[in-house]
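> Structure of the sequence below:
(one chain, ligands or ions: 1)
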Amino acid sequence: MSTPPTQRRTCDFLVIGTGIAGLFAALKAARHGDVTIVTKSTAEECNTRYAQGGIACVMEAGDSFDAHLADTLNAGAGLCHEDVVRDIVSAGPARIQELVDLGLHFTRRGEVAEAPDAQDAEAYDLGREGGHTRRRILHSGDITGQEVAKVLLQRCRENPRITILENHIAVDLLSTRHTRWQDENWCLGAYVMDKATHAIRTIISRVTILATGGAGKVYLYTTNPDVATGDGVAMAYRAYAEIADMEFFQFHPTCLYHPNTKPFLISEAVRGEGAVLKVRRKGEFVEFMQDYHPMASLAPRDIVARAIDNELKRTGEACAYLDIRHKDEAFLKRRFPNIFAQLKKLGINMTKDLIPVVPAAHYCCGGVRTDIAGRTTVHGLYAVGEVGCTGLHGANRLASNSLLEALVTAHNAVEDAAARAGDTAPVPADSVPDWNPGDASDSDEQVVITHNWQEIRRFMWDYVGIVRTNKRLERAKNRIRLIRNEIEKYYWDSILTPDLVELRNLASVAEMIIDCAVARRESRGLHYNADYPMKNQPPAKDTLLRRPTRAVIWNE
Ligand code: SIN
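Modelled structure (predicted):
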């Protein structure tokens, strides 16, 4: 097979990814210029779609920005950037109003409560999740992410200034430093592969917004969809952007444990409505979270996931259980229609049965280092949503803060880019070369991809999971070095395929997680190393990765 020809495209804004952050940014950017969105699957498929819980936001007089700030800082284990947290939580109500104006319906109390009075019925029904001391989670039933993504995508599809290229995977960012044109590093767009033809297009843009979501596929068990391969973090690193805090990977405590289904999240909101965690000890189902934290089953996620892991290791049981049998069926069907129906299909009735659950990789708290406007360390490159690391989450994300962060940073990124419309890269667009496949030939060994894919996910789960040790991390480090070398060689020798692009990204992200985990010689938030069970004394520091040294450096 010969290498397919390239096609060039130029736009004002290139948005990579179609989750909440990408679509919200695209809608805003369309006010300032033409926008091209690329997504490697259909536009509907993204991490946002699977977010059940909702969006944390201060909406009622009984709540306050200070309380939301305090809960976020408490969950973040000393590593949140307080100024960022304050800015994001206080910008929440304005962004939520914009979603409502775009047509999003958040559930009202009248749709859930038994017999609310007329005024109460109109108020938003606010959920509660782990680590929150108040009810403050806006939700659309129990499929919030799906509803948000649907409305935003509809608005984007209606907008004549937005073009959506589906089934196009970004291969690499175009950066001036990468090509050694300039000392100052500018992003000029991206090389993007059309998955149908494997043609690699050069897309030149004034502003590039990474909104590629998470990297859950780096672990064997994850709540994330197949698209979550860490592409944005890997590409940004290759383009010399700084990456921060990759050791903090959040495991959701309650993923359904069932042999006959794809991973399915049992939202933390179920615990917010009174479900308690239990484990089987000597044949009895007993509560255990009170032994670990005063908030018991509603403790911050890192604590709950670690407690379940510990209980399962102690008892030798395969899963823990959620018990919400004390709630009546009508309420559960109104509040959790999707979860109720999915469980019912599998023969689990929430009012009669315990729900078997296990922790699974869920959210990457680290990412491309940015400021509150999503600005990375590369000019013209923004990272918004899960791919970015603003400092909001610190060492452990507070539940449902991520969709809020995505909205706020997407808005801020476009405002910032618009204010800098006069800044342009000191390189003419027509001097950017098209993709050069070099001497690559057809890849003839698909087994290289499948083997390495499985091996990475397995050892990351076993060695770099909820509880880490120096020895496990050392083993993981040795393995990832070998695999990375093999993949790099294969990558440059072979004509690119989408699978190879994803595998290379996945391996790169795995290596970043391991390197940061090895460097952090303490236990903090989501990073627990049994050889260093205590927190270091303040000040807490972020891990930073910067090309070309690969060494982890510390940032206060
Ligand atoms: C959940 O519904 O439990 C997930 C929400 C989140 O990850 O913030």
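> so what's the nearest residue to R335 once chain neighbours are set aside up against?
Counting by Cβ to Cβ, 6 or more residues apart in numbering, V112 is the residue found nearest to R335 once chain neighbours are left out, at 5.2 Å. Any C-beta I mention is one placed from the backbone N, CA and C, and that applies to glycine too. Applying Cβ atoms under 8 Å, 6 or more residues apart in numbering to V112 gives the contacts 125, 331, 334-335.
> Can you pick out the ones from these that are in helices?
331, 334-335 (DSSP state H).
> Of those residues, which is the nearest to the ligand?
Distances from the ligand to the ones in helices among the contacts of V112, taken as Cβ to the nearest ligand atom, are shortest for R335 (12.4 Å).
> what's the helix or strand for the residue of the stretch 51-200 of the chain found nearest the ligand?
Residue nearest to the ligand within the stretch 51-200 of the chain: G53 (2.7 Å; Cβ to the nearest ligand atom). Using DSSP states H and E, G53 maps to neither a helix nor a strand.
> Show me what the strand or helix carrying V192 is packed up against.
In the assignment (DSSP H and E), V192 maps to strand 187-194. On a contact count with 3 or more Cβ pairs under 8 Å, 6 or more residues apart in numbering; DSSP states H and E, strand 187-194 meets strand 8-16, strand 168-175, strand 200-210.
> can you tell me the average pLDDT over that strand?
The average pLDDT within strand 187-194 is 96.
> So what are the sheet partners of that strand and their directions?
Sheet pairing for strand 187-194, assigned by DSSP bridges, gives strand 168-175 (antiparallel), strand 200-210 (antiparallel).
> Give me the contact list for that strand.
Contacts with strand 187-194, where a contact means Cβ under 8 Å, 6+ apart, come from 14, 16, 38, 165, 167-176, 199-205, 208, 235, 239, 378-381, 425, 427, 429, 432, 435, 496, 498, 501.
> And the helices in the protein?
Counting by DSSP H, the segments of the chain that form helices are 20-29, 65-75, 82-102, 118-122, 144-158, 231-238, 268-272, 301-315, 329-335, 337-345, 401-419, 446-463, 470-493, 498-519.
> Show me what counts as buried in the last one.
Along helix 498-519, these residues count as buried under the neighbour rule (16 or more other Cβ atoms under 10 Å): 498, 500-519.
> now the angle from it to helix 446-463?
Angle of helix 498-519 versus helix 446-463, following axes from the mean of the first three to the mean of the last three Cα atoms, to 10 degrees, is 30 degrees.
> returning to that earlier point: distance check, the residue nearest to R335 against P359.
28 Å (Cβ to Cβ, to the nearest Å).
> same deal with A244?
When Cβ to Cβ is applied, the distance between A244 and P359 equals 24 Å.
> neighbour count winner among the two?
Shown here are A244 and P359; by other Cβ atoms under 10 Å, P359 has more neighbours (26 against 23).
> can I assume that one is in contact with I466?
Yes - counting by Cβ atoms under 8 Å, I466 is a contact partner of P359 at 6.3 Å.
> shared neighbours of these two, anything?
251, 305, 309.
> right, and out of those, which lies closest to the ligand?
F251 (10.9 Å).
> Could I get the contacting residues of that closest one?
Contacts of F251 (Cβ under 8 Å, 6+ apart): 301-302, 305, 359-362, 465-466, 526.
> Recalculate using a threshold of 10 Å.
For F251, the contact set (Cβ atoms under 10 Å, 6 or more residues apart in numbering) comprises 216, 219, 221-223, 301-302, 304-306, 308-309, 358-363, 465-466, 526.
> cool, C364 as well?
By Cβ under 10 Å, 6+ apart, the neighbours of C364 are 47, 213-216, 218, 224, 228, 230, 233, 245-246, 248-250, 386-387, 389, 393, 397, 509, 512-513, 526.
> For ChimeraX, write the select line for the buried members of the residues you listed.
To isolate the buried members of the contacts of C364 in ChimeraX, using 16+ other Cβ under 10 Å:
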select :47,213,214,215,216,218,224,228,230,233,245,246,248,249,250,386,387,389,393,397,509,512,513,526
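> How about the residues of this protein by the ligand?
51-53, 265, 267-269, 363, 399-400, 402 (Cβ under 6 Å from any ligand atom).
> Show me the two of those residues that sit farthest apart.
A269 and Y363 (15.7 Å; Cβ to Cβ).
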